[in-house]
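A.B. asks: any chance you can model this:
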Amino acid sequence: MRSLCGVHREHERRGLMFARSANPAFKPDYGSPGNAAAWPSPRRGWFTVAVFFVTAILSYTDRLIFSLLVDPVRSSLGISDFQVGLAQGTSFAIIYAVAGLPAGRLADIANRGNLLLLGLVIWSAGTVACGFAAGMTSLMGARIFVAAGEAILAPAAISMISDMFPPERRGRPMAVFLSGMNVGSGLAIVIGGGVLSLAQSGAFDGLGLGHFAPWRTTLVLIGLLGAPVLALLLLVREPQRRAGHALAKRSLKAVLGELSGSWRRVLPIIAGLAALATVDFALISWVPSLLVRDFGVPSWEVSNGFGLVILISGCLGTLVGGVAADRLFARGGNALRLRVAAALALSGGLAMVFLPVSSPEFVVAISGFWLFVSAAATVCGITTAQDVVPADAKGLCISFMAMGNISLGLGIGASLPGALAGGGNDTDSGLGWAIAVVAVPLALLALSLFAASNRGSKVH
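C.D. replies: Numbers count the residues shown, from 1 in each chain. Below you'll find the model as predicted:
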């Protein structure tokens, strides 16, 4: 069944064809008062996407750099592994999820370019502050600023992209932006490791940082990378919103009221994406341990090899998903996008069945396949949701997605396989079965939720 957005586009196309047949000189007026504004030029749109891509890389580098510094931070500050975990993951996830909702609302009513500048300044300052932490309290406080600032990025950036590209050309630019997060996940290790090695060798002593511990120097310099990215963001212009002036001024209650009218389509998509993200976190968090414990793969080989698989699979899946989302929309609207997303979830779930009985090479291959199909399905889901929700609820919608992905992904995916494995022996830790027990049902759940969203379109 063709989506409501697809039906609207078809009616508009037929109307323009009729007008042209009656008057060959007819030209649609998109810029006059009362009509939809013309879309920004592709050059301007893709420049903005390129800047957002770089910003996303920086965001994930600042977010994940801490994972390289756990031992020196713990030793220097005299805190436990549990406390480091709180600062690195738990506190970040809670603040990110909570701050995401007001950030999404602001992205729908305020100047999004200014919001992005503010967010970048906040999270970069938080990263620098981590380098000056004197104890657990100051470290937690600094990480809270990192989370609060980064919560602004996705709602504001995706909302702007939605206002710069029409629905049939929106998948690819969104995929490029989202791929920046995948690149950032991999480059956090590369960039952070490089800066840390240079700091340990004394390369930055001439900058007045010689009295700093290397881990502190690394955090300060990574945080200061926000300055050149800030200069790039200053070149981005705020696009005109697709919503009219009256619509943009609606109260939050009115927006939520209309958004609730789309719940049969939107909520299953949000929940389905959260299910995919939970499997992503389960694989990224526990497959390295599975390879080391069950197969004796050296940790350095796991770090380099599996890290590269994560980077390539996520980027390829996101970019392929973007191209597919545009072509699927042209052929069958959002309904076809969701059917393909469901099929991708099913194929990934079937592959995960073989994870416990695979060789190390196949474990990596199965994980890479899942990360590929999950990324592609995620782009299809996000682009569909952005078409379905009201124009002044796009940022809020992204915030709900981020809340589900972070809270369920970190809360379940990063912890449940370890709890189910229960240790095991040197050659069979039980992690393979534990990951599969978590992943397969969640893949089938995502399949069901995407299908439910399509069924909801027939009611909505």
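
A.B. asks: domain parsing for the protein?
C.D. replies: Per the record, the chain has its domains at 40-235, 261-454, by automatic domain parsing.

A.B. asks: how long is the longest one end to end?
C.D. replies: In this case it means domain 40-235. Its start and end residues considered, domain 40-235 measures 15 Å (C-alpha to C-alpha, to the nearest Å).

A.B. asks: ok so, going back, nearest to residue 252, out of the domains of the chain?
C.D. replies: For the domains of the chain, the distance to residue 252 is smallest for domain 40-235, at 6.2 Å, taking C-beta to C-beta. Glycine gets a C-beta too; all of them are placed from N, C-alpha and C.

A.B. asks: who touches residue 319 in this structure?
C.D. replies: 172, 175, 176, 179 (C-beta atoms under 8 Å, 6 or more residues apart in numbering).

A.B. asks: so what's residue 400 closest to, chain neighbours aside?
C.D. replies: residue 270 (5.4 Å; C-beta to C-beta, 6 or more residues apart in numbering).

A.B. asks: any buried residues in the helix or strand where that neighbour lies, and which?
C.D. replies: Using DSSP states H and E, the element containing residue 270 is helix 263-295. In terms of neighbour count (16 or more other C-beta atoms under 10 Å), helix 263-295 has its buried residues at 264-294.

A.B. asks: do you know how far the residue nearest to residue 400 is from residue 361?
C.D. replies: 35 Å (C-beta to C-beta, to the nearest Å).

A.B. asks: hey, which helix or strand in the chain has the poorest pLDDT?
C.D. replies: helix 4-22 (a mean of 38; mean pLDDT, DSSP states H and E).

A.B. asks: centre of the chain versus the host helix or strand of residue 145, how much separation?
C.D. replies: Residue 145 is part of helix 136-150, with elements assigned from DSSP H and E. Helix 136-150 sits 20 Å away from the centroid of its parent chain (C-alpha atoms, centre = their mean, to the nearest Å).

A.B. asks: cool, and stretch 44-64?
C.D. replies: That offset, for stretch 44-64, works out to 11 Å (C-alpha atoms, centre = their mean).

A.B. asks: which parts of that stretch are buried?
C.D. replies: For stretch 44-64, by 16+ other C-beta under 10 Å, it's 45-64.

A.B. asks: same deal with stretch 347-364?
C.D. replies: 347, 348, 349, 351, 352, 355, 356, 358, 360, 363, 364.

A.B. asks: quick one, phi psi at the last one?
C.D. replies: Backbone geometry at residue 364, expressed as degrees, to the nearest 10, gives phi -70, psi -40.

A.B. asks: ok, the nearest residue to it once chain neighbours are set aside - contacts?
C.D. replies: Of all residues not flanking residue 364 in the chain, residue 309 sits nearest, at 5.6 Å (C-beta to C-beta, 6+ apart). Neighbour list for residue 309: 364, 367, 368, 371 [criterion: C-beta under 8 Å, 6+ apart].

A.B. asks: repeat that for 7 Å
C.D. replies: 364, 367, 368 (C-beta atoms under 7 Å, 6 or more residues apart in numbering).

A.B. asks: could you do residue 196 as well?
C.D. replies: 68, 214, 218.

A.B. asks: name the nearest residue to residue 230, sequence neighbours excluded.
C.D. replies: Leaving aside its sequence neighbours, residue 230 sits nearest to residue 120 (C-beta to C-beta, 6+ apart; 5.6 Å).

A.B. asks: just the element for residue 363, please.
C.D. replies: helix 360-388.

A.B. asks: okay, buried residues for that helix please.
C.D. replies: Within helix 360-388, the residues that count as buried by 16+ other C-beta under 10 Å are 360, 363-388.

A.B. asks: list the contacts of stretch 102-113.
C.D. replies: Contacts for stretch 102-113 (C-beta under 7 Å, 6+ apart): 115, 151-152, 155-156, 159-160, 236, 238, 248, 252, 392-396, 398-399.

A.B. asks: state the distance from the closest residue to residue 133 other than its chain neighbours to residue 281.
C.D. replies: Leaving aside its sequence neighbours, residue 133 sits nearest to residue 139 (C-beta to C-beta, 6+ apart; 3.9 Å). Taking C-beta to C-beta as the measure, residue 139 falls 23 Å from residue 281.

A.B. asks: from the chain's centroid, how far away is the longest helix anywhere in the chain?
C.D. replies: Using DSSP state H to define each element, the chain has its longest helix at helix 299-352. From the chain centre to the centre of helix 299-352 is a distance of 13 Å (C-alpha atoms, centre = their mean).
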